[in-house]
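[1] Got a predicted structure here, sequence first:
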Amino acid sequence: MGMGIDGLVSGLDTTSIINALIAAEAGPQTLMKTKVTTDTALQTAMQALNTKFAALTTQAAGIAATGGLDFYQASSSSSAVTVSVSSSARNTALDLTVDKLAASHSVVSAPLTEAPGTTMSFVRPDGTSTEVTAAGTSLDDMAYAINKSDAGISAVKVAAGTDANGAAVYRLQLTSTDTGAAHQFTAVFGSKAEYDAGTAPALLAAPGAATLRTGQDAQVTLWAGTAAATSITSASNSFAELAPGVNVTVNQVTTDPATVTVTRDAAKVTSTAKDLVSNVNIVIGSIFTQAAVTTTGTGAAAAVTGGLFTADSTTGAAKNALFNAVTAPIDGNSPATIGINSTKNGDFSFDADAFAAAYAKDPAGVEKTLQTIADRVATAAKSVSDPIDGTLSQRINGQQTVIDDLNSQIVDWDSRLATRRASLQAVYTNLEVQLGKMQSQQSWLTSQISSFDAGSSQKK
(Lines give C-alpha, C1' and ligand atoms only; values in the text may rest on other atoms or scores of the structure.)
Protein backbone atom coordinates (compact mmCIF):
# COMPACT_ATOMS: atom_id res chain seq x y z
CA MET A 1 0.00 0.00 0.00
CA GLY A 2 1.34 3.43 -0.94
CA MET A 3 2.06 6.30 1.44
CA GLY A 4 -1.05 8.22 2.49
CA ILE A 5 -1.61 11.62 0.85
CA ASP A 6 -4.82 12.61 2.62
CA GLY A 7 -5.50 16.22 1.56
CA LEU A 8 -4.86 19.08 3.90
CA VAL A 9 -6.51 21.38 1.42
CA SER A 10 -9.42 19.29 0.14
CA GLY A 11 -10.04 17.39 3.36
CA LEU A 12 -10.57 14.24 1.29
CA ASP A 13 -9.52 10.80 2.65
CA THR A 14 -7.56 10.17 -0.52
CA THR A 15 -5.87 7.05 0.87
CA SER A 16 -9.21 5.32 1.35
CA ILE A 17 -10.43 6.55 -2.04
CA ILE A 18 -7.32 5.17 -3.83
CA ASN A 19 -7.47 1.87 -1.92
CA ALA A 20 -11.11 1.45 -2.91
CA LEU A 21 -10.35 2.19 -6.56
CA ILE A 22 -7.38 -0.25 -6.54
CA ALA A 23 -9.48 -2.95 -4.85
CA ALA A 24 -12.12 -2.57 -7.56
CA GLU A 25 -9.53 -2.79 -10.31
CA ALA A 26 -7.85 -5.80 -8.57
CA GLY A 27 -10.99 -7.90 -8.92
CA PRO A 28 -9.57 -10.12 -11.69
CA GLN A 29 -6.35 -10.61 -9.69
CA THR A 30 -8.35 -11.60 -6.60
CA LEU A 31 -10.20 -14.18 -8.65
CA MET A 32 -6.89 -15.54 -9.92
CA LYS A 33 -5.49 -15.78 -6.37
CA THR A 34 -8.57 -17.71 -5.29
CA LYS A 35 -8.15 -19.99 -8.29
CA VAL A 36 -4.47 -20.60 -7.39
CA THR A 37 -5.43 -21.52 -3.83
CA THR A 38 -8.08 -23.97 -5.03
CA ASP A 39 -5.88 -25.46 -7.75
CA THR A 40 -2.92 -25.82 -5.38
CA ALA A 41 -5.06 -27.78 -2.90
CA LEU A 42 -6.20 -30.05 -5.74
CA GLN A 43 -2.62 -30.38 -6.98
CA THR A 44 -1.37 -31.41 -3.53
CA ALA A 45 -4.13 -33.99 -3.19
CA MET A 46 -3.43 -35.43 -6.64
CA GLN A 47 0.31 -35.66 -5.92
CA ALA A 48 -0.37 -37.56 -2.70
CA LEU A 49 -2.72 -39.89 -4.56
CA ASN A 50 -0.17 -40.40 -7.32
CA THR A 51 2.41 -41.43 -4.73
CA LYS A 52 -0.01 -44.08 -3.42
CA PHE A 53 -0.60 -45.37 -6.95
CA ALA A 54 3.15 -45.55 -7.59
CA ALA A 55 3.73 -47.52 -4.37
CA LEU A 56 0.90 -49.87 -5.32
CA THR A 57 2.48 -50.36 -8.76
CA THR A 58 5.76 -51.44 -7.17
CA GLN A 59 4.09 -53.79 -4.69
CA ALA A 60 1.78 -55.43 -7.22
CA ALA A 61 4.50 -55.79 -9.86
CA GLY A 62 6.71 -57.54 -7.31
CA ILE A 63 3.97 -60.04 -6.52
CA ALA A 64 3.22 -60.63 -10.20
CA ALA A 65 6.88 -61.18 -11.13
CA THR A 66 8.27 -64.66 -11.64
CA GLY A 67 9.07 -65.98 -8.18
CA GLY A 68 7.10 -63.15 -6.58
CA LEU A 69 5.35 -65.62 -4.28
CA ASP A 70 8.31 -67.91 -3.68
CA PHE A 71 8.15 -67.74 0.09
CA TYR A 72 9.65 -70.59 2.07
CA GLN A 73 10.10 -71.45 5.72
CA ALA A 74 12.65 -73.79 7.26
CA SER A 75 12.76 -75.95 10.37
CA SER A 76 15.21 -78.30 12.03
CA SER A 77 14.52 -81.40 14.08
CA SER A 78 17.52 -80.69 16.32
CA SER A 79 18.46 -77.70 18.46
CA ALA A 80 22.05 -78.33 17.34
CA VAL A 81 21.18 -77.12 13.85
CA THR A 82 19.45 -73.89 12.88
CA VAL A 83 18.44 -73.04 9.34
CA SER A 84 17.45 -69.95 7.35
CA VAL A 85 16.29 -69.56 3.78
CA SER A 86 16.53 -66.99 1.00
CA SER A 87 14.29 -66.40 -2.01
CA SER A 88 16.04 -69.08 -4.06
CA ALA A 89 15.03 -71.88 -1.65
CA ARG A 90 12.74 -74.69 -2.74
CA ASN A 91 10.93 -77.53 -1.00
CA THR A 92 13.50 -79.92 0.35
CA ALA A 93 14.44 -82.17 3.27
CA LEU A 94 18.04 -82.93 4.23
CA ASP A 95 19.44 -85.29 6.87
CA LEU A 96 22.80 -84.31 8.32
CA THR A 97 25.03 -85.06 11.27
CA VAL A 98 27.36 -82.53 12.86
CA ASP A 99 30.82 -84.12 13.04
CA LYS A 100 32.90 -81.17 14.20
CA LEU A 101 32.45 -77.57 15.23
CA ALA A 102 34.74 -74.84 13.98
CA ALA A 103 37.44 -73.80 16.43
CA SER A 104 40.03 -71.05 16.65
CA HIS A 105 43.67 -71.99 17.11
CA SER A 106 45.01 -71.15 20.58
CA VAL A 107 48.41 -71.67 22.25
CA VAL A 108 50.03 -70.55 25.47
CA SER A 109 53.72 -69.96 26.18
CA ALA A 110 55.81 -71.31 29.02
CA PRO A 111 56.06 -69.06 32.09
CA LEU A 112 58.14 -65.98 31.19
CA THR A 113 59.40 -62.86 32.88
CA GLU A 114 59.86 -61.24 29.45
CA ALA A 115 60.00 -62.17 25.78
CA PRO A 116 63.33 -63.50 24.47
CA GLY A 117 63.53 -60.66 21.97
CA THR A 118 61.40 -57.93 20.43
CA THR A 119 60.30 -59.83 17.30
CA MET A 120 57.83 -62.66 16.83
CA SER A 121 56.77 -64.38 13.61
CA PHE A 122 53.58 -66.27 12.84
CA VAL A 123 53.42 -68.76 9.99
CA ARG A 124 50.14 -70.15 8.59
CA PRO A 125 49.68 -73.64 7.10
CA ASP A 126 49.74 -72.16 3.59
CA GLY A 127 53.15 -70.59 4.23
CA THR A 128 52.00 -67.00 4.65
CA SER A 129 53.66 -65.25 7.56
CA THR A 130 53.54 -62.07 9.62
CA GLU A 131 56.42 -60.51 11.57
CA VAL A 132 55.61 -58.43 14.63
CA THR A 133 58.13 -56.15 16.32
CA ALA A 134 57.43 -54.81 19.81
CA ALA A 135 58.75 -51.64 21.40
CA GLY A 136 60.48 -53.70 24.11
CA THR A 137 60.86 -57.21 25.47
CA SER A 138 58.12 -56.98 28.12
CA LEU A 139 55.15 -59.26 27.55
CA ASP A 140 52.91 -56.18 27.68
CA ASP A 141 54.83 -54.63 24.80
CA MET A 142 54.69 -57.87 22.82
CA ALA A 143 50.94 -58.40 23.43
CA TYR A 144 50.22 -54.81 22.42
CA ALA A 145 52.24 -55.12 19.19
CA ILE A 146 50.54 -58.42 18.25
CA ASN A 147 47.06 -57.02 18.88
CA LYS A 148 47.81 -53.95 16.76
CA SER A 149 49.24 -55.97 13.87
CA ASP A 150 47.47 -57.62 10.95
CA ALA A 151 48.52 -61.11 12.09
CA GLY A 152 44.91 -62.02 12.90
CA ILE A 153 45.90 -63.12 16.39
CA SER A 154 44.71 -61.94 19.78
CA ALA A 155 47.37 -61.82 22.53
CA VAL A 156 46.90 -61.54 26.29
CA LYS A 157 49.34 -61.72 29.22
CA VAL A 158 48.16 -64.17 31.91
CA ALA A 159 49.55 -64.45 35.44
CA ALA A 160 51.48 -67.71 36.06
CA GLY A 161 52.75 -67.35 39.64
CA THR A 162 56.42 -66.88 40.49
CA ASP A 163 59.68 -68.51 39.47
CA ALA A 164 62.27 -70.15 41.72
CA ASN A 165 63.63 -66.74 42.64
CA GLY A 166 60.25 -65.41 43.63
CA ALA A 167 59.90 -63.18 40.57
CA ALA A 168 56.46 -62.90 39.02
CA VAL A 169 56.09 -64.81 35.78
CA TYR A 170 53.43 -64.72 33.08
CA ARG A 171 52.29 -66.69 30.08
CA LEU A 172 51.47 -65.23 26.68
CA GLN A 173 48.22 -66.70 25.35
CA LEU A 174 47.74 -66.39 21.59
CA THR A 175 44.44 -67.10 19.84
CA SER A 176 43.53 -66.71 16.16
CA THR A 177 40.76 -64.20 15.66
CA ASP A 178 39.09 -66.46 13.07
CA THR A 179 38.06 -70.08 13.28
CA GLY A 180 39.08 -72.79 10.83
CA ALA A 181 42.04 -74.99 10.00
CA ALA A 182 43.46 -72.34 7.67
CA HIS A 183 43.94 -70.04 10.66
CA GLN A 184 46.25 -72.37 12.58
CA PHE A 185 49.68 -70.83 13.14
CA THR A 186 53.20 -71.59 14.28
CA ALA A 187 54.62 -68.95 16.62
CA VAL A 188 58.37 -68.32 17.00
CA PHE A 189 60.49 -65.72 18.73
CA GLY A 190 62.43 -64.19 15.87
CA SER A 191 62.12 -63.15 12.23
CA LYS A 192 60.70 -65.14 9.35
CA ALA A 193 64.22 -65.53 7.99
CA GLU A 194 65.34 -67.06 11.30
CA TYR A 195 62.29 -69.33 11.21
CA ASP A 196 63.22 -70.48 7.71
CA ALA A 197 66.78 -71.08 8.90
CA GLY A 198 65.54 -73.06 11.91
CA THR A 199 67.24 -70.69 14.37
CA ALA A 200 64.14 -68.99 15.79
CA PRO A 201 62.96 -70.54 19.11
CA ALA A 202 59.47 -71.98 18.71
CA LEU A 203 57.00 -70.82 21.35
CA LEU A 204 55.73 -74.38 21.88
CA ALA A 205 59.25 -75.80 22.18
CA ALA A 206 59.74 -74.41 25.67
CA PRO A 207 58.80 -76.69 28.60
CA GLY A 208 55.35 -75.78 29.92
CA ALA A 209 54.08 -74.33 26.64
CA ALA A 210 50.99 -75.97 25.21
CA THR A 211 48.44 -76.03 22.43
CA LEU A 212 45.15 -75.17 24.06
CA ARG A 213 43.01 -75.74 21.02
CA THR A 214 43.78 -76.69 17.45
CA GLY A 215 42.07 -74.59 14.83
CA GLN A 216 39.67 -76.68 12.80
CA ASP A 217 36.82 -76.42 10.31
CA ALA A 218 33.28 -77.33 11.12
CA GLN A 219 32.11 -80.48 9.34
CA VAL A 220 28.70 -81.91 8.60
CA THR A 221 27.85 -85.13 6.78
CA LEU A 222 24.81 -85.42 4.56
CA TRP A 223 23.04 -88.75 4.33
CA ALA A 224 25.39 -90.36 6.87
CA GLY A 225 25.38 -94.16 6.84
CA THR A 226 24.41 -94.41 3.17
CA ALA A 227 26.44 -94.86 0.03
CA ALA A 228 25.75 -91.20 -0.74
CA ALA A 229 27.33 -89.93 2.51
CA THR A 230 29.00 -86.58 1.77
CA SER A 231 31.10 -84.53 4.20
CA ILE A 232 31.17 -80.74 3.87
CA THR A 233 33.46 -78.39 5.77
CA SER A 234 33.30 -74.72 6.64
CA ALA A 235 35.79 -72.41 8.33
CA SER A 236 32.95 -71.18 10.52
CA ASN A 237 29.94 -72.90 12.04
CA SER A 238 27.78 -71.58 9.19
CA PHE A 239 27.26 -73.39 5.92
CA ALA A 240 25.97 -71.07 3.18
CA GLU A 241 23.93 -72.52 0.34
CA LEU A 242 24.04 -76.08 1.67
CA ALA A 243 21.19 -76.43 -0.79
CA PRO A 244 19.96 -73.56 -3.02
CA GLY A 245 18.76 -70.82 -0.69
CA VAL A 246 19.35 -72.96 2.43
CA ASN A 247 21.85 -71.73 5.04
CA VAL A 248 22.67 -73.86 8.08
CA THR A 249 24.40 -72.97 11.34
CA VAL A 250 25.58 -75.66 13.77
CA ASN A 251 26.30 -75.31 17.48
CA GLN A 252 26.75 -78.87 18.78
CA VAL A 253 28.21 -82.17 17.61
CA THR A 254 25.51 -84.79 17.01
CA THR A 255 25.36 -88.53 16.60
CA ASP A 256 21.80 -88.80 15.35
CA PRO A 257 20.95 -87.10 12.08
CA ALA A 258 19.10 -83.80 12.18
CA THR A 259 16.46 -83.26 9.52
CA VAL A 260 16.35 -79.84 7.88
CA THR A 261 13.01 -79.23 6.16
CA VAL A 262 12.10 -76.40 3.78
CA THR A 263 8.44 -75.91 2.85
CA ARG A 264 6.35 -73.18 1.26
CA ASP A 265 5.39 -70.44 3.70
CA ALA A 266 1.62 -70.38 3.31
CA ALA A 267 1.23 -67.74 6.04
CA LYS A 268 3.57 -65.39 4.16
CA VAL A 269 1.59 -65.84 0.93
CA THR A 270 -1.65 -65.12 2.81
CA SER A 271 -0.11 -62.04 4.41
CA THR A 272 1.06 -60.82 1.00
CA ALA A 273 -2.44 -61.16 -0.46
CA LYS A 274 -3.90 -59.33 2.53
CA ASP A 275 -1.39 -56.47 2.17
CA LEU A 276 -2.19 -56.09 -1.53
CA VAL A 277 -5.94 -55.85 -0.86
CA SER A 278 -5.30 -53.42 2.00
CA ASN A 279 -3.24 -51.08 -0.18
CA VAL A 280 -5.82 -51.21 -2.98
CA ASN A 281 -8.42 -50.17 -0.40
CA ILE A 282 -6.21 -47.30 0.77
CA VAL A 283 -6.03 -45.89 -2.76
CA ILE A 284 -9.74 -46.36 -3.48
CA GLY A 285 -10.65 -44.95 -0.07
CA SER A 286 -8.51 -41.87 -0.64
CA ILE A 287 -10.35 -41.11 -3.90
CA PHE A 288 -13.76 -41.85 -2.39
CA THR A 289 -13.18 -39.62 0.65
CA GLN A 290 -12.00 -36.65 -1.38
CA ALA A 291 -14.82 -37.04 -3.91
CA ALA A 292 -17.55 -37.09 -1.24
CA VAL A 293 -20.14 -34.30 -1.18
CA THR A 294 -21.03 -32.78 2.19
CA THR A 295 -24.23 -30.95 3.15
CA THR A 296 -24.41 -28.38 5.92
CA GLY A 297 -27.54 -26.76 7.28
CA THR A 298 -31.12 -27.75 6.59
CA GLY A 299 -33.99 -26.58 4.47
CA ALA A 300 -33.47 -23.36 2.55
CA ALA A 301 -30.21 -22.80 4.44
CA ALA A 302 -28.72 -26.11 3.33
CA ALA A 303 -25.39 -25.82 1.53
CA VAL A 304 -23.80 -28.53 -0.56
CA THR A 305 -20.01 -28.63 -0.82
CA GLY A 306 -18.07 -30.88 -3.16
CA GLY A 307 -14.72 -32.50 -2.37
CA LEU A 308 -11.46 -31.93 -4.21
CA PHE A 309 -12.12 -34.91 -6.48
CA THR A 310 -15.87 -34.41 -6.90
CA ALA A 311 -16.71 -34.67 -10.63
CA ASP A 312 -12.99 -35.11 -11.41
CA SER A 313 -12.88 -37.50 -14.35
CA THR A 314 -9.18 -38.42 -14.00
CA THR A 315 -9.36 -39.70 -10.42
CA GLY A 316 -12.77 -41.26 -11.06
CA ALA A 317 -11.46 -43.22 -14.02
CA ALA A 318 -8.40 -44.29 -12.01
CA LYS A 319 -10.60 -45.64 -9.23
CA ASN A 320 -12.78 -47.56 -11.68
CA ALA A 321 -9.74 -49.07 -13.44
CA LEU A 322 -8.31 -50.25 -10.14
CA PHE A 323 -11.64 -51.70 -8.99
CA ASN A 324 -12.08 -53.59 -12.26
CA ALA A 325 -8.51 -54.92 -12.10
CA VAL A 326 -9.38 -56.71 -8.87
CA THR A 327 -12.92 -57.85 -9.60
CA ALA A 328 -12.57 -59.19 -13.16
CA PRO A 329 -12.82 -63.04 -13.30
CA ILE A 330 -9.72 -65.20 -13.76
CA ASP A 331 -10.26 -68.21 -16.02
CA GLY A 332 -13.96 -67.85 -15.38
CA ASN A 333 -13.55 -67.80 -11.60
CA SER A 334 -14.32 -64.90 -9.28
CA PRO A 335 -11.59 -63.56 -6.96
CA ALA A 336 -14.01 -64.48 -4.19
CA THR A 337 -12.82 -68.07 -4.58
CA ILE A 338 -9.58 -67.00 -2.87
CA GLY A 339 -11.25 -64.77 -0.29
CA ILE A 340 -11.16 -61.40 -2.11
CA ASN A 341 -14.67 -59.92 -2.09
CA SER A 342 -16.05 -56.56 -3.21
CA THR A 343 -18.18 -54.65 -0.69
CA LYS A 344 -21.16 -52.30 -0.97
CA ASN A 345 -18.77 -49.43 -0.17
CA GLY A 346 -16.92 -49.96 -3.42
CA ASP A 347 -13.77 -51.45 -1.88
CA PHE A 348 -12.72 -54.98 -0.89
CA SER A 349 -12.65 -57.34 2.06
CA PHE A 350 -10.13 -60.13 2.51
CA ASP A 351 -11.08 -63.45 4.10
CA ALA A 352 -7.77 -64.85 5.34
CA ASP A 353 -9.33 -68.17 6.38
CA ALA A 354 -10.90 -68.68 2.94
CA PHE A 355 -7.61 -67.82 1.26
CA ALA A 356 -5.64 -70.21 3.49
CA ALA A 357 -8.13 -73.01 2.86
CA ALA A 358 -7.96 -72.49 -0.89
CA TYR A 359 -4.17 -72.36 -0.77
CA ALA A 360 -3.94 -75.57 1.21
CA LYS A 361 -6.11 -77.28 -1.42
CA ASP A 362 -4.44 -75.87 -4.54
CA PRO A 363 -1.30 -73.79 -3.90
CA ALA A 364 -0.36 -73.42 -7.56
CA GLY A 365 -3.87 -72.40 -8.59
CA VAL A 366 -4.21 -69.82 -5.83
CA GLU A 367 -0.80 -68.34 -6.60
CA LYS A 368 -1.71 -68.07 -10.28
CA THR A 369 -4.96 -66.28 -9.41
CA LEU A 370 -3.26 -63.90 -6.98
CA GLN A 371 -0.46 -63.10 -9.42
CA THR A 372 -2.97 -62.46 -12.21
CA ILE A 373 -4.84 -59.99 -9.99
CA ALA A 374 -1.54 -58.39 -8.96
CA ASP A 375 -0.44 -58.05 -12.58
CA ARG A 376 -3.71 -56.32 -13.50
CA VAL A 377 -3.45 -54.04 -10.48
CA ALA A 378 0.13 -53.15 -11.42
CA THR A 379 -0.92 -52.37 -14.99
CA ALA A 380 -3.86 -50.21 -13.85
CA ALA A 381 -1.79 -48.38 -11.23
CA LYS A 382 1.08 -47.74 -13.65
CA SER A 383 -1.29 -46.34 -16.28
CA VAL A 384 -2.22 -43.75 -13.66
CA SER A 385 1.13 -42.99 -12.01
CA ASP A 386 3.74 -43.49 -14.76
CA PRO A 387 5.89 -40.31 -14.70
CA ILE A 388 5.57 -39.87 -18.48
CA ASP A 389 2.38 -41.57 -19.67
CA GLY A 390 0.34 -41.83 -16.47
CA THR A 391 -3.04 -40.12 -16.68
CA LEU A 392 -2.74 -38.64 -13.21
CA SER A 393 0.88 -37.64 -13.75
CA GLN A 394 -0.09 -35.82 -16.94
CA ARG A 395 -2.97 -34.14 -15.12
CA ILE A 396 -0.63 -33.02 -12.36
CA ASN A 397 1.83 -31.59 -14.89
CA GLY A 398 -0.98 -29.77 -16.68
CA GLN A 399 -2.33 -28.45 -13.40
CA GLN A 400 1.11 -27.16 -12.47
CA THR A 401 1.32 -25.31 -15.79
CA VAL A 402 -2.00 -23.60 -15.06
CA ILE A 403 -0.86 -22.63 -11.55
CA ASP A 404 2.44 -21.27 -12.84
CA ASP A 405 0.63 -19.23 -15.50
CA LEU A 406 -1.80 -17.81 -12.96
CA ASN A 407 1.04 -16.88 -10.60
CA SER A 408 2.78 -15.14 -13.48
CA GLN A 409 -0.37 -13.18 -14.26
CA ILE A 410 -0.76 -12.29 -10.58
CA VAL A 411 2.76 -10.87 -10.56
CA ASP A 412 1.95 -8.88 -13.71
CA TRP A 413 -1.17 -7.56 -12.02
CA ASP A 414 0.94 -6.45 -9.05
CA SER A 415 3.04 -4.32 -11.40
CA ARG A 416 -0.08 -3.00 -13.18
CA LEU A 417 -1.80 -2.11 -9.91
CA ALA A 418 1.34 -0.48 -8.56
CA THR A 419 1.47 1.69 -11.67
CA ARG A 420 -2.22 2.52 -11.33
CA ARG A 421 -1.76 3.40 -7.65
CA ALA A 422 1.12 5.73 -8.52
CA SER A 423 -1.05 7.35 -11.22
CA LEU A 424 -3.94 7.90 -8.80
CA GLN A 425 -1.60 9.29 -6.16
CA ALA A 426 -0.21 11.71 -8.75
CA VAL A 427 -3.74 12.78 -9.72
CA TYR A 428 -4.83 13.41 -6.15
CA THR A 429 -1.55 15.09 -5.28
CA ASN A 430 -1.97 17.42 -8.24
CA LEU A 431 -5.56 18.03 -7.11
CA GLU A 432 -4.30 19.14 -3.72
CA VAL A 433 -1.73 21.40 -5.38
CA GLN A 434 -4.32 23.00 -7.64
CA LEU A 435 -6.76 23.38 -4.79
CA GLY A 436 -3.97 24.94 -2.74
CA LYS A 437 -3.27 27.42 -5.53
CA MET A 438 -6.93 28.26 -5.91
CA GLN A 439 -7.21 28.71 -2.16
CA SER A 440 -4.21 31.06 -2.24
CA GLN A 441 -5.76 33.03 -5.10
CA GLN A 442 -9.03 33.20 -3.20
CA SER A 443 -7.23 34.50 -0.16
CA TRP A 444 -5.45 37.15 -2.25
CA LEU A 445 -8.63 38.26 -3.96
CA THR A 446 -10.39 38.40 -0.63
CA SER A 447 -7.62 40.56 0.80
CA GLN A 448 -7.71 42.84 -2.26
CA ILE A 449 -11.44 43.25 -2.06
CA SER A 450 -11.16 43.98 1.64
CA SER A 451 -8.51 46.63 0.94
CA PHE A 452 -10.69 48.19 -1.76
CA ASP A 453 -13.69 48.32 0.56
CA ALA A 454 -11.59 49.90 3.31
CA GLY A 455 -10.30 52.65 0.92
CA SER A 456 -13.78 53.49 -0.25
CA SER A 457 -14.97 53.93 3.32
CA GLN A 458 -12.16 56.39 4.16
CA LYS A 459 -12.94 58.63 1.15
CA LYS A 460 -16.46 59.14 2.39
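    Structure's in. What do you need?
[2] Just give the number of residues close to residue 427.
    11 (other C-beta atoms under 10 Å). To be clear about C-beta, it is placed using only N, CA and C from the backbone, and glycine gets the same treatment.
[3] Tell me which helix or strand it sits in.
    Per DSSP states H and E: residue 427 is located in helix 391-459.
[4] average pLDDT for that helix?
    Mean per-residue pLDDT for helix 391-459: 77.
[5] and it, what does it pack onto?
    helix 14-25, helix 27-64, helix 313-327, helix 363-385 (3 or more C-beta pairs under 8 Å, 6 or more residues apart in numbering; DSSP states H and E).
[6] Can you tell me the number of residues neighbouring the closest residue to residue 293 other than its chain neighbours?
    Sequence neighbours aside, residue 306 is the residue nearest to residue 293 in space, at 5.3 Å (criterion: C-beta to C-beta, 6 or more residues apart in numbering). Neighbour count for residue 306, taken as other C-beta under 10 Å: 13.
[7] quick one: residue 306 from residue 360, how far?
    Per C-beta to C-beta, to the nearest Å, residue 306 is found 48 Å from residue 360.
[8] Same check on residue 438?
    104 Å.
[9] Repeat that for residue 227.
    Note on residue 227: its distance to residue 360, by C-beta to C-beta, is 37 Å.
[10] Between the two, which is the more surrounded one?
    Each of residue 227 and residue 360 has its neighbours counted (other C-beta under 10 Å); residue 360 has more, 10 against 5.
[11] helix, strand or coil for the more buried one?
    helix (DSSP: H, G, I helix; E, B strand; the rest coil).
[12] Without its sequence neighbours, what residue ends up closest to it?
    Nearest in space to residue 360, with sequence neighbours left out and distances taken as C-beta to C-beta, 6+ apart, is residue 266 at 6.9 Å.
[13] is it true that that neighbour touches residue 357?
    No. Using C-beta atoms under 8 Å, residue 266 makes no contact with residue 357, being 10.4 Å away.
[14] which one of the two has more residues nearby?
    Legend: neighbour count by other C-beta under 10 Å for residue 266 and residue 357, higher for residue 266 (16 against 13).
[15] residues contacting the more buried one?
    356, 359-360, 363 (C-beta atoms under 8 Å, 6 or more residues apart in numbering).
[16] contact partners of the lowest-mean-pLDDT helix or strand in the chain?
    Ranking every helix and strand in the chain by mean pLDDT, DSSP states H and E puts strand 303-305 at the bottom, with a mean of 73. Defining contact as C-beta under 8 Å, 6+ apart, one finds that strand 303-305 is touched by 293-297.
[17] and if we set it to 6 Å?
    Residues from elsewhere that reach strand 303-305 (C-beta atoms under 6 Å, 6 or more residues apart in numbering): 294-297.
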